[in-house]
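[1] Model the following, please.
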Amino acid sequence: MPTRPLGRRIKDTKCFSGTSLFFAVLVCLACSAVIPALGGGRAATIGGAVLAPVLVALATTRGRGPIRGAGIAALTGVALVISIAGFTVPEVIRGNGSLTGTGSGTFLRTERFPTPTPPQPWPWTPHYAVAAAPPTTAKPLAVPAAPEVDVPDERKCPNADVGTAKTCKSISIRNIGPRTVELATGDVEGDDAVDFILTKACDGMLKPGTACSIRIRYQPIDPGTHAAFIVLHVKPGNYELPIALTGTAAQSA
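    Model prediction:
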C-alpha cells in the first residue's frame, strides 16, 4: 500500500484546523488572565498558558506518532505567541503592569516605575528685610521633616531548593513618629523578581506607635543567588524606601 503524502497526513491530524486553533487560543488567554488574578507569579502563568493549549490539542487532534506530536507543539506555540502578544502590547501601552493581577506584567515586566531616590530636603535661600536699619538675615524656610518610619534595609530569605517555596521573615514597618503616615507597597522589582512573591502588602494609614508587615515568599526557579527589591511609598512627602530581597537556591536532588 503506497504511503500517503506528508501534507495529507498532517492535515488528517486536525492540528491546524480552525476549531483547534480557536479553542487553543481561548484557553491560553483564559489561563493567562485567571492565574495572575488569583495571585500566581509569572512562572505559574507561563506554565498554565502552555499546558492549556496542549490539553486542547490532545482532545481535538487525531492520529499518532511524531506527525501528531509536531502538530500539537506547533499549535501550542501559536496559541502562546498570540496570548503573550495579546497581554504584553496593551500592558506596554498602559504602563501599569499586569492587566488582571497585581504584578509588574503578565509575561514580561511592563510597568513603568521610577528609580527610587533618597529623600531630599527642600532648598531655601536666605533673604534680607529692606529697612533703614542694617540688613538682617531672615529665618530660613521651614523644611518638612521626613516621616519617621522604621523600615529594614534588606531581608535575607531562607535557602531553598529549586521548585520549592520558603516563607521569608516578615518585614515589619513601624511608625515611630508623632504623625499618621500613608503607606503603599510596590511590586517586587529587579533581575530576579520572578523568584520572590509578594503575599501580603502594607498599605493604608499607619498611626503613630503602630506597625504593619510585608510578607514575601521565596520560590526560586533556578539555582544560584537571587536578588530583587521592593519599594515602600510613604506620604506625606512622597518618599520611596527600597528594601533589598536576597535568597540562595540549590538544585534539588
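[2] contacting residues around Trp156?
    Let me fix one detail, which is that residue 156 is Lys and not Trp. Lys156 sits next to Cys168, Thr246, Gly247 when contact means CB atoms under 8 Å, 6 or more residues apart in numbering. In short, each C-beta sits where N, CA and C put it, glycine included.
[3] how near is the first one to Glu111?
    By that I understand Cys168. The spacing between Cys168 and Glu111, counted by CB to CB, to the nearest Å, is 22 Å.
[4] quick one: which of those two has more around it?
    Cys168 (21 against 17; other CB atoms under 10 Å).
[5] Was I right to think that one contacts Arg155?
    Yes - between Cys168 and Arg155 there is a contact at 5.7 Å, judged by CB atoms under 8 Å.
[6] any shared contact partners between the two?
    Common contacts of Cys168 and Arg155, defined by CB under 8 Å, 6+ apart, comprise Ile216, Leu245.
[7] tell me the contacts of the closest residue to Gly224 other than its chain neighbours?
    Nearest non-adjacent residue to Gly224, counting by CB to CB, 6 or more residues apart in numbering: Ala249, 6.3 Å away. Shown in contact with Ala249 (CB under 8 Å, 6+ apart): Asn159, Ala160, Asp161, Val162, Asp195, Tyr218, Pro220, Asp222, Pro223, Gly224, Thr225, His226.
[8] May I see the domains of the protein written out as residue ranges?
    6-94, 149-250 (automatic domain parsing).
[9] will you turn those domains into JSON lines that also has mean pLDDT and distance to Gly101?
    As requested, the domains of the chain are arranged in JSON lines below (pLDDT from 0 to 100; distance: least, CB to CB, whole Å):
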{"stretch": "domain 6-94", "mean pLDDT": "80", "distance to Gly101": "3"}
{"stretch": "domain 149-250", "mean pLDDT": "93", "distance to Gly101": "10"}
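[10] quick one, what contacts Val92?
    By CB under 8 Å, 6+ apart, the residues touching Val92 are Thr110.
[11] for it, helix, strand, or coil?
    Three-state call for Val92 (DSSP: H, G, I helix; E, B strand; the rest coil): helix.
[12] What separation do you get for it and Ser17?
    32 Å.
[13] Same question for Thr248.
    48 Å.
[14] can you check Gly237 too?
    For Gly237, the distance to Ser17 equals 60 Å [CB to CB].
[15] likewise Val194?
    For Val194 relative to Ser17 (CB to CB), the value is 35 Å.
[16] So the two - more neighbours on which side?
    Between Val194 and Ser17, counting by other CB under 10 Å, Val194 is the more crowded of the two (21 against 14).
[17] returning to that earlier point: now, of the contacts of Ala249, which are buried?
    Burial by neighbour count, 16 or more other CB atoms under 10 Å: within those this picks out Ala160, Asp195, Tyr218, Pro220, His226.
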